[in-house]
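>>> what's the 3D shape of this:
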Amino acid sequence: MKSLPTDLLRKLPVSLRIELEENLQRKNLTPSEMATAHERIEPELRRFVKPGRPRERRTDDDEIPQVLGNTDERHEHETSRIIAKCLGVSGPTLDKAVKVARAATKHGTKKYSDLVKEMDRIGPSVAYSKLKNYEIQEEAESKFEELSRKDPSTQLPKGAHLFNADFRKAELPSSSFDMIFVDPPYGREYLGLWDGLGKWAQYWLGEGGFLMAYTGHEWRLQQENSLAKYLEWYHPCGVLNSGHTALIWKKSIKVRHKPLCLFSKGKPRKHQQFFDFLTGEPGNKELHPWSQSEMEAKYYIEKLTKPGDIILDPMMGSGTTVAAGLRLGRRAFGIEIDPSTYKRAYTRIAEISI
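Below you'll find the model as predicted:
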């Protein structure tokens with residue numbers, strides 16, 4: 001076996017060497033089979049491997065590196081690295097497959113066992129992302145239930161108002177909001193939402209109030225034209241993506257920025273000077289797959305409104321706009337149609353201290 005050090009091979013019993021050689025020679029193990037092999041081999045292999053030195057390990061591209069100081073953690077990391085090498089995959093790939101399989105054992109529910117089966121089709125990285133999403137959602141559900149038992153007046157910070165509804169059916173007062181900051185879905189199938197957004201923004205905004213919205217690239221013209229039926233065009237803005245690009249396949253174009261459009265209701269109010277192009281920060285995709293950075297919302301809300309003004313996000317997702325507004329001393333309203341996403345946003349906002 002060329003994959004393992006000679007001195008380690010000499011220590012291993014014949015049965016374990018055969019196990020490793022068999023898995024090394026099989027070229028098409030599925031992720032669930034890899035996880036099963038790891039759980040079968042790792043405890044025995046650990047007896048013959050020394051734990052690595054304390055160090056940082058990144059288990060996921062979006063995670064802060066973990067410091068491996070615990071001896072058991074370092075021991076398992078070292079043996080897992082060896083097993084991954086035998087299987088012909090990277091350490092992080094095997095680590096994700098194992099975590100998905102262990103979650104199924106821990107929870108014992110159909111949702112998690114189905115995820116293990118699905119992992120063989122979608123791969124460990126996507127399955128692990130779904131696992132994190134499941135765990136975050138379950139934590140949000142638990143916190144939401146706990147919050148629901150409290151006095152409603154103490155559940156959310158002062159100035160926060162959240163609604164689980166379709167924004168087109170929400171009953172909010174007219175001409176009452178100073179700014180709408182929103183990140184609608186961009187696909188062609190959602191173009192009808194943009195017309196509704198423009199119509200209701202005209203109804204909700206006070207005279208001179210602003211609407212700022214992230215747009216996509218492919219249908220940007222149609223999206224902005226829908227808003228322009230009801231509001232006055234003010235200025236194009238954008239955010240430079242932090243370290244990554246998106247590819248528009250059919251056009252072979254790599255895009256490195258996120259467009260934002262800025263409209264006003266009638267003559268725009270006076271505001272602070274601001275940059276129309278920012279260097280962005282990553283959004284917390286664990287909270288929502290389309291989550292944007294709170295930094296971007298804070299910057300434009302601060303420049304275009306005053307303390308005490310009222311901010312609205314009619315498609316709030318995980319609550320980024322509401323969180324940004326509250327931290328700036330604004331009153332903030334958020335509307336979210338999906339019940340699960342609404343609960344995540346609610347628990348997030350409930351934890352904000354002002």
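
>>> can we go C-alpha only for contacts and neighbour counts from here?
OK.

>>> surely F163 is in contact with D338?
No: assessed by Cα atoms under 8 Å, F163 is found out of contact with D338, at 10.4 Å.

>>> quick one: which of the two has more around it?
Legend: neighbour count by other Cα atoms under 10 Å for F163 and D338, higher for F163 (18 against 13).

>>> secondary structure class for that one?
strand (DSSP: H, G, I helix; E, B strand; the rest coil).

>>> ok, which stretches of the protein are helices?
Under the criterion DSSP state H, helices of the chain are mapped to 6-11, 14-25, 31-45, 71-87, 91-107, 110-122, 124-148, 191-204, 220-228, 294-304, 320-327, 339-350.

>>> nearest to V239, of these?
helix 294-304 (8.0 Å; Cα to Cα).

>>> distance from the chain centre to that closest one, please.
Its chain's average C-alpha position is 20 Å from that of helix 294-304, according to Cα atoms, centre = their mean, to the nearest Å.

>>> low-confidence ranges, the stretch 1-150 of the chain, go.
1-11, 14-15, 17-27, 51-72, 148, 150 (pLDDT under 70).

>>> count residues in the vicinity of K111, would you?
12.

>>> I meant L328, not that one.
18.

>>> OK, contacts around the closest residue to A103 other than its chain neighbours?
Spatially, and ignoring its direct neighbours in sequence, A103 is nearest to Y112 (6.7 Å; Cα to Cα, 6 or more residues apart in numbering). By Cα atoms under 8 Å, 6 or more residues apart in numbering, the residues touching Y112 are 100, 103-104, 131.

>>> same check, this time on A350
A350 touches 155-157, counting by Cα under 8 Å, 6+ apart.

>>> mind running it again at 10 Å?
Contact analysis of A350 by Cα atoms under 10 Å, 6 or more residues apart in numbering lists 143-144, 147, 154-158, 160, 323, 344.

>>> quick one on the thing from earlier: how near is the residue nearest to A103 to N225?
44 Å (Cα to Cα, to the nearest Å).

>>> what is the nearest of the contacts of A350 to E296?
A323 (11.8 Å).

>>> could I get the contacting residues of the residue lying closest to that closest one once chain neighbours are set aside?
Take A323 and drop its neighbours on the chain: the residue closest to it by Cα to Cα, 6+ apart is I349, 6.2 Å away. Neighbouring residues of I349 by Cα under 10 Å, 6+ apart: 155-157, 160-162, 318-320, 322-323, 326, 343.

>>> winner for burial among the helices of the chain?
Neighbour counts (mean count of other Cα atoms under 10 Å) averaged over each of the helices of the chain peak at helix 320-327, with a mean of 26.

>>> average pLDDT for that helix, rounded please.
On average, the pLDDT along helix 320-327 is 95.

>>> elements contacting it?
strand 160-164, strand 177-182, helix 294-304, strand 310-313, strand 331-336, helix 339-350 (3 or more Cα pairs under 10 Å, 6 or more residues apart in numbering; DSSP states H and E).

>>> turn these into a markdown table, columns for distance to Y203.
Formatted as a markdown table, the helices and strands packed on helix 320-327 follow (distance: least, Cα to Cα, whole Å):
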| stretch | distance to Y203 |
| --- | --- |
| strand 160-164 | 18 |
| strand 177-182 | 9 |
| helix 294-304 | 19 |
| strand 310-313 | 12 |
| strand 331-336 | 15 |
| helix 339-350 | 24 |
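
>>> could you point out which of those sits nearest R81?
helix 339-350 (35.2 Å).

>>> just to revisit the earlier point, dump the helices and strands packed on helix 320-327 to TSV, plus distance to Q273 and mean pLDDT.
Shown next, in TSV, are the helices and strands packed on helix 320-327 (distance: least, Cα to Cα, whole Å; pLDDT from 0 to 100):
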stretch	distance to Q273	mean pLDDT
strand 160-164	27	94
strand 177-182	16	97
helix 294-304	7	95
strand 310-313	19	97
strand 331-336	22	96
helix 339-350	29	89
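
>>> can you tell which of the ones you listed is closest to V126?
Nearest of those (Cα to Cα): helix 339-350, 19.4 Å.

>>> returning to that earlier point: distance to Y214 added to the helices of the chain, as TSV?
As requested, those are exported to TSV (distance: least, Cα to Cα, whole Å):
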stretch	distance to Y214
helix 6-11	55
helix 14-25	48
helix 31-45	37
helix 71-87	41
helix 91-107	32
helix 110-122	29
helix 124-148	24
helix 191-204	11
helix 220-228	9
helix 294-304	10
helix 320-327	12
helix 339-350	19
